[in-house]
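S.K.: Take this sequence and fold it.
(chains A and B)
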Amino acid sequence: MQNRIISLMIVVGTMFLVVSSGLFGIKGEVSPSLVLGFMLLSAYCIGFILARIGLPQITGYIFAGLFFGPFFVDYCSSRAVADLGFLNSLALAFIAFCAGGELKLSSIRSKLKIILCLIGGVTAVVFTGVTLSVFLISPYIPFLSGYNLYVRLAVSAIFGVISVARSPSSAIAIISETKAKGDYTDTVLGVTVVMDVVIIILFAVVISVCQVALASSGGMDASFVLYLLLEIVIALVSGFLLGKIIVFLIEKVKVEFPVVIAGMGFIVIKFCHFMGEYFHDFYDVSLNIEPLLICMAAGFTIQNFSKYGSTFLRRMDRVSLPIYVAFFAITGASINMDALRSSWFLGLIIVLVRTLMIFMGSRLSGKIAGDTKGICKNAWLGFITQAGVSLGLLSEVVRRFPEIGGDIQSILVAAITANQIVGPVAFKYALNKVGETKKQLMPNA
Amino acid sequence: MKLLLAIALISLIALIGSRLTFFSRRLTMGLKNIIFTGTEYIFLGFFLGSWGLNILDIETLKKLEPFLLFGLSWIGFLFGLQFEVKRLKVLPRRYFSITAIQSFIVFVLVSSAAWIALKFFQLLPEHLILLASITLGSSASCTAQSAIAIVNHNFRIENRGLLELMRYISSVDGLFALLFFAAALCILPNGGLVSFGFLKSLGWLTVSIAMGVLPALVLIFLSSTRFTQQEYMVFLIGVIMFCGGLAERLHYSSLVAGLVCGIVTANFCPHRLRALSIVVHAEKSIYISLLILLGAGWQFKAGAVLIVAAVYFFSRLVGKIIGVFTATKIFKPKYKVPPQLGLGLISEGGLAVAIIINVTLLYPVLSDSLITIIVLSVIVNEYISPALIVKQLGDVLHFAEDRFQKVKDHEADTE
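M.R.: Reported below is the predicted structural model:
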């Protein structure tokens, strides 16, 4: 650990000399390449140090990003974070491929009942619980107090639906870090990944209802359900085809998996944007195909419909660490501390209610599913983290409801920030508790 | 979004290309030599650039600068890693001296010729002509290995010592090229002699060394305890990127900073071989990316720059002949050396390109002319190089027909 601390001191000291001290008389923002190099080294060291005291490494990466980011030390400016945004897209696509690849049909088949119960139970309880809680306090929330009952309930439902969202990227990163394996790990991962599909549907329904309530876009249009189903079907079919194409490339061109995955990730993102713009421009239809869903489906196809399943995961794992470190450090640097400062109290209420609801939902699901292994007892600890998906949905809320979207965003960003920091710690704790980490499974490894 | 597409394309081409390019294959004289030596990526870049599909337009190229810096720093690091004093001592001193002399002669000759030509045609700002000339001299003094590899695969060479000498020169002269380039930047820290000052140069040297040493120290400390292969990837990528980023921030050379970092790592890091194996693994992909970006950024200029390119090409050719001839006369090898062996060492590629890209990043005003010169030179040299090698070694070469027959038989059996 001493060597990591010395390394961290050298890196931070060098940055101080070059950026803050004014010794070289160079002013202006730090370039993305220096930011990235600095973040990789400092976040790794901080992650390593935190891991020594039992915290997950990704908490260290996030913390490093937050501390050296625009709101504190400012070695990584908002502009540099924006410039490195394409890395986030790459990392997210990479992580989505891994998430899909982790879903092995043979191992989740036996837990299908529990997984479905957890998805249904937790979604219902969290959505209802958070919606009602926000609705109850809505007369005291300044930007909502002026609206009628119906609008307040509809807007509360937005808080409810975003609270349901999870973070597959964090779950995968923690599983990769701890090399966890077992029933609990498979179940939590299965629920988290499938929840990505559920949340897209639920979000679309709530947004549509809310639009009617706020009368911002005319009456409720039932055709959105059709488009939604179309989006999901296109994503799943494209993902399946993509998985097959990747397998073909691996077999014929003999290129490494991570290389193909990186390239394909970019192409998928580009394809989805192109389709969205094309349908909007030529047919006036809003078709938002989720690129991460395609990547997940592709990973799932490689894992379950080819002979490269285990090779795929092994090869991806080999190059995953630099991607995780960069991704979570940039995520940390992107955390909006202004929102946290201004809305911390309401954010805290949502965090507490959401956590309680996740806990209750998991326990309820366990009872319904007849969980004898005690998986559901600790499952709630694995569902706390929120990150990219929630923030993505929030930006959609801001776009659709410009009049109140900013206020909703600032409260929920505060809540998501807290969940982003607490969640990984809770999940790692749970994995240790159920004894599924590599250290516990193979103490001599 | 264009940036994403550009990155996707470059990554895919570079990584798939590294598997296909430079592969051993049957020698074909003529135009086909341009393909499979790496030159095709310059054309591909040109096609993707603003003159073609416009995917790699000027704005996108600007945004790709972090990758360029990373690539330059990576190449510098790779060359530095080969500068392990213990290993260099074991290598034949005679070869080392021959390489040093031929590099120096080429450097002096090309720098002088380029300086006269640039001065005469006034293509560049007056104060940058000296720096541009020395940079061209540095890039000219290194040799690419592609042509020698092709010839070696296609022929049986009786005089193995000769082949060994050529391979040695082509793999070691890059170090001298980088040292010349570093010396030029050190003496001309602001680009021109007008602002020359001993203290300024000393300052440049100190900062350049510090920029390489500090990241190398981080690598040494991080790898001094137990770590996994994944962690080592983080160390290496982080250190090389940090090094390149520091150089860019202070307006120094990423290539030189990477070189210093590599030298320190080679001599003080216990895991230098591990580093070398990872860095070498990605070498071809990075070179291909640089060639694509070079092609994309190439704003073709006709007129006087073509004459300067010709001067550069011929002075390099003459320099190689005189350099190798003089060096082998002073340090005579034990076997017979053809008097014009230098003609067999004119292949030009990766490092020469990297040096030019680095100087154009530091002084963008040089980019149009220098890139045109280097692109034309690389294309022509790759085109004629294998033929010249065959001509020089004609007496000792035997076409290895049986090797291809064996491959054909094996393929037939497999089918």
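S.K.: Report the contact partners of B:Glu65.
M.R.: Residues near B:Glu65 by CB atoms under 8 Å, 6 or more residues apart in numbering or on different chains: A:Ser31, A:Ser33, B:Glu248, B:Leu361. From N, CA and C alone the C-beta is placed, and that goes for glycine too.
S.K.: Ok, A:Leu90 next?
M.R.: Per CB under 8 Å, 6+ apart, neighbours of A:Leu90: A:Ala262, A:Gly265, A:Phe266, A:Ile323, B:Ile7.
S.K.: which element is it on?
M.R.: helix A:85-102 (DSSP states H and E).
S.K.: Return the set of buried residues in the following helix or strand past that helix.
M.R.: Helices and strands here follow DSSP H and E; after helix A:85-102, the next one along the chain is helix A:105-108. For helix A:105-108, burial by neighbour count (16 or more other CB atoms under 10 Å in any protein chain shown) applies to A:Ser107, A:Ile108.
S.K.: Over to stretch B:54-69?
M.R.: By neighbour count with 16+ other CB under 10 Å, stretch B:54-69 contains the buried residues B:Ile55, B:Leu56, B:Thr60, B:Leu61, B:Lys63, B:Leu64, B:Pro66, B:Phe67, B:Leu68, B:Leu69.
S.K.: mean confidence for that stretch?
M.R.: Here stretch B:54-69 scores 80 as its mean pLDDT.
S.K.: Endpoints of that stretch, how far apart?
M.R.: End-to-end distance of stretch B:54-69 (CA to CA, to the nearest Å): 22 Å.
S.K.: Setting aside sequence neighbours, what's the nearest residue to B:Ala352?
M.R.: Spatial nearest neighbour of B:Ala352, chain neighbours left out: B:Ser139 (3.9 Å); criterion: CB to CB, 6 or more residues apart in numbering or on different chains.
S.K.: And the buried residues of stretch B:54-69, which two are furthest apart?
M.R.: B:Ile55 and B:Leu69 (20.9 Å; CB to CB).
S.K.: Tell me which residues touch A:Leu118, please.
M.R.: A:Thr187, A:Val191, A:Gly361, A:Ser362, A:Ser365, A:Ala369, A:Cys376, A:Ala379.
S.K.: Over to A:Ala64?
M.R.: Contact analysis of A:Ala64 by CB under 8 Å, 6+ apart lists A:Met39, A:Ser42, A:Ala43, A:Ile46, A:Gly47, A:Ala329, A:Gly332.
S.K.: What strand or helix carries it?
M.R.: helix A:57-68.
S.K.: looking only at pLDDT, what's the mean for that helix?
M.R.: Averaged across helix A:57-68, the pLDDT comes to 87.
S.K.: I'd like the mean pLDDT over whichever helix or strand comes after it, please.
M.R.: Using DSSP H and E, the helix or strand that follows helix A:57-68 towards the C-terminus is helix A:78-83. For helix A:78-83, mean pLDDT rounds to 82.
S.K.: Name the nearest residue to the closest residue to chain A within the stretch 251-400 of chain B, sequence neighbours excluded.
M.R.: Residue of the stretch 251-400 of chain B nearest chain A, by CB to the nearest CB: B:His251 (7.8 Å). The shortest distance from B:His251 to any non-neighbouring residue, by CB to CB, 6+ apart, is to B:Leu362 (6.6 Å).
S.K.: now swap in B:Ile105 and tell me
M.R.: B:Ile105 sits nearest to B:Gly323 (CB to CB, 6+ apart), 3.7 Å away.
S.K.: thinking again about what came up before, for the residue nearest to B:Ala352, what are its contacts?
M.R.: Taking CB under 8 Å, 6+ apart, one finds B:Ala177, B:Phe181, B:Glu348, B:Leu351, B:Ala352, B:Val353, B:Ile355, B:Ile356, B:Ile374 in contact with B:Ser139.
S.K.: tell me which of those residues is nearest to B:Ala149?
M.R.: Nearest to B:Ala149, judged by CB to CB, of the contacts of B:Ser139 is B:Glu348 at 14.3 Å.
S.K.: Return the residues in contact with the closest one.
M.R.: So, once contact is read as CB under 8 Å, 6+ apart, B:Glu348 ends up touching B:Ser139, B:Ala140, B:Cys142, B:Thr143, B:Ala144, B:Arg316, B:Ser377, B:Val378, B:Asn381, B:Glu382.
S.K.: Spatially central residue in chain B, please.
M.R.: B:Leu351 (0.9 Å; CA atoms, centre = their mean).
S.K.: how about the residues of the stretch 1-150 of chain A that lie near chain B?
M.R.: When proximity is defined as CB under 8 Å from any CB of the partner chain, the stretch 1-150 of chain A approaches chain B at A:3-4, A:6-7, A:10-11, A:14, A:18-19, A:24, A:26, A:30-38, A:40-41, A:44-45, A:83, A:86, A:89-90.
S.K.: Where does the prediction get shaky in the chain?
M.R.: In the absence of a named chain, this looks at chain A. Chain A contains residues with pLDDT under 70 at A:215-224, A:253-260, A:262, A:388, A:440-445.
S.K.: actually chain B
M.R.: Using pLDDT under 70, chain B drops low at B:1-5, B:8, B:15-38, B:146-147, B:150-159, B:190-196, B:393-415.
S.K.: so is the residue nearest to the centre of chain B in a helix, a strand, or just coil?
M.R.: helix (DSSP: H, G, I helix; E, B strand; the rest coil).
S.K.: That one against B:Gln82, yeah?
M.R.: No - counting by CB atoms under 8 Å, B:Leu351 stays clear of B:Gln82, with 11.9 Å between them.
S.K.: Excluding sequence neighbours, find me the nearest residue to A:Ser320.
M.R.: Sequence neighbours aside, A:Ser176 is the residue nearest to A:Ser320 in space, at 5.7 Å (criterion: CB to CB, 6+ apart).
S.K.: For stretch A:162-175, buried residues please.
M.R.: Buried, per 16+ other CB under 10 Å, within stretch A:162-175: A:162-175.
S.K.: Looking at these, spot the one nearest chain B.
M.R.: A:Ala173 (12.4 Å).
S.K.: Please, which helix or strand holds the closest one?
M.R.: Assigned by DSSP H and E, A:Ala173 falls within helix A:168-178.
S.K.: A:Phe327 sits in which helix or strand?
M.R.: Element membership of A:Phe327 [criterion: DSSP H and E] is helix A:309-334.
S.K.: what is the orientation angle of that helix with helix A:85-102?
M.R.: Angle, helix A:309-334 to helix A:85-102, by axes from the mean of the first three to the mean of the last three CA atoms, to 10 degrees: 140 degrees.
S.K.: now the angle from helix A:309-334 to helix A:168-178?
M.R.: Computed by the same axes, to 10 degrees, the angle separating helix A:309-334 from helix A:168-178 equals 120 degrees.
S.K.: Show me what helix A:309-334 is packed against.
M.R.: Packing partners of helix A:309-334 (3 or more CB pairs under 8 Å, 6 or more residues apart in numbering or on different chains; DSSP states H and E): helix A:32-52, helix A:57-68, helix A:78-83, helix A:85-102, helix A:168-178, helix A:257-283, helix A:291-304, helix B:229-249.
S.K.: Downstream of it, the next helix or strand is which one?
M.R.: Downstream of helix A:309-334, the next assigned helix or strand under DSSP H and E is helix A:337-369.
S.K.: Can you give me the buried ones in stretch A:307-323?
M.R.: Result for stretch A:307-323 [16+ other CB under 10 Å]: buried residues A:Tyr308, A:Gly309, A:Phe312, A:Leu313, A:Arg315, A:Met316, A:Val319, A:Ser320, A:Leu321, A:Pro322, A:Ile323.
S.K.: Excluding chain neighbours, what is closest to the fourth one?
M.R.: Spatially, and ignoring its direct neighbours in sequence, A:Leu313 is nearest to A:Gly101 (5.3 Å; CB to CB, 6+ apart).
S.K.: can you list the domains in chain A?
M.R.: A:2-83, A:87-441 (automatic domain parsing).
S.K.: Could you work out the end-to-end span of the first one for me?
M.R.: Domain A:2-83 has an end-to-end distance of 33 Å (criterion: CA to CA).
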